[in-house]
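[1] Structure, please.
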Amino acid sequence: MAESSLWSYLRKGMKGKWSHATRHEDSVSIGVPDVSYYHCGNNWVELKSISKLPVRATTGINLGQWHKNDGMQRHFLIKRHGWLLVRFLYPIRKYLLFKHYDLPPHEKPYWTATEMLEHAHYIWIRGIDFETMAELLEVT
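    Numbering: from 1, shown residues only. Predicted coordinates:
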């Protein structure tokens, strides 16, 4: 399942809880997060989906574009106080929400699954509680 399915899940769950949520798929503007929404100004959420965790607990997790383009996605979120939502699909579906001031590094060494769990602002197992997410994103 790709980020597009994560966006679909998020869009349905947050319906009526946030304003003007828009998915951005812009190959020209490098680093622009996947989703913007309005609450006292524009806010941003970057989506990442990890199909399977590494076999070794000491192996860092590659977040794709997060580690490219000199960390433009990371820098964008820090500058605009955005969020990162990471979904692990296997072995147990988990959703990790990170605040702008505690994001995974864009350079090696990458965070392991344990480090990601330790740094996450909020974690949901199997499914997101969208009421809680709305409170965290300050959209209600």
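[2] can you give me the mean pLDDT across stretch 97-108?
    Mean per-residue pLDDT for stretch 97-108: 94.
[3] Past the longest helix anywhere in the chain, which element shows up next along the chain?
    Scanning the chain for the helix with the most residues, using DSSP state H, yields helix 3-13. Following helix 3-13 in sequence order, the next helix or strand is strand 19-23 (DSSP states H and E).
[4] Can you list the strands that that following strand pairs with?
    Using DSSP bridges, strand 19-23 pairs in its sheet with strand 35-38 (antiparallel).
[5] Helices along the chain, start to end?
    For the chain, the helices defined by DSSP H occupy 3-13, 72-79, 113-119, 130-136.
[6] Please identify the deepest-packed of those.
    Each of those was scored by mean neighbour count; the highest is helix 72-79, a mean of 18, by mean count of other CB atoms under 10 Å. All C-beta atoms are positioned from the backbone trio N, CA, C, and that covers glycine.
[7] Show me what it is packed against.
    With contacts defined as 3 or more CB pairs under 8 Å, 6 or more residues apart in numbering; DSSP states H and E, the packing partners of helix 72-79 are strand 42-50.
[8] Paired strands for the strand it packs on, with orientation please.
    Strand 42-50 is paired, per DSSP bridges, with strand 35-38 (antiparallel), strand 83-88 (parallel).
[9] Could you give the average pLDDT over the shortest one?
    Translated: strand 35-38. 86.
[10] And it, how far out from the chain middle?
    For strand 35-38, the separation from the chain centroid amounts to 13 Å (computed by CA atoms, centre = their mean, to the nearest Å).
[11] CA atoms only: put it into CSV for me.
    Below are the C-alpha coordinates for strand 35-38, written out as CSV (Å, rounded to 0.1, in the frame of the first residue of the first chain):
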residue,chain,number,x,y,z
VAL,A,35,-1.0,17.3,2.6
SER,A,36,-1.9,20.8,3.5
TYR,A,37,-4.9,21.9,5.6
TYR,A,38,-6.1,25.1,7.0
